[in-house]
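Chemist: Have a look at this prediction, sequence included:
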Amino acid sequence: MNRKTDYSPFLLVLIVIVALLAGRWLFGGLLPLIVALFLWAITGYVAGYIVRGAAYSVLNNILLGVAGGFIGSTLVRFLGLHFLYGIPFVGGLVVGVLGAVVLVYLMRIFVDHNFGR
């Protein structure tokens, strides 16, 4: 019997456990980590709708939100748009979405034209 085993549920549980342990250490508690994951998921969700008209999976939304936040904050510093950080809650989301959209388009240009479709 040649059966392909699907490890994705196990892998997802393992990632969540590692993230919770790392988050407790990095963020000082679980609540800030949960809030950060939620904001990253929203960022990836909005960027997915801008880029392809539909959201990605939850894990991909979170990963896109993390990468988008890093790239977006770098772009904001480089372009001198520091006022975006002064807008409570929305400023961080705008910066993250901007970075996530830029990331997807850069990946399409330089790596794979079907990336994120």
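Modeler: The structure has been received and is ready for your questions. Numbering: from 1, shown residues only.
Chemist: Enumerate every residue touching the closest residue to residue 56 other than its chain neighbours.
Modeler: The shortest distance from residue 56 to any residue other than its chain neighbours is 4.7 Å, reached at residue 48 (Cβ to Cβ, 6 or more residues apart in numbering). All C-beta atoms are positioned from the backbone trio N, CA, C, and that covers glycine. Contacts for residue 48 (Cβ atoms under 8 Å, 6 or more residues apart in numbering) come out as 54-56, 60-61, 64, 116.
Chemist: Angles on the backbone of the residue most central in space within the chain, please.
Modeler: Closest to where the C-alpha atoms of the chain average out (Cα atoms, centre = their mean) is residue 65, at 1.8 Å. Main-chain torsions, residue 65, degrees, to the nearest 10: phi -70, psi -40.
Chemist: What's the local residue count around residue 106?
Modeler: Applying other Cβ atoms under 10 Å, we find 12 residues neighbouring residue 106.
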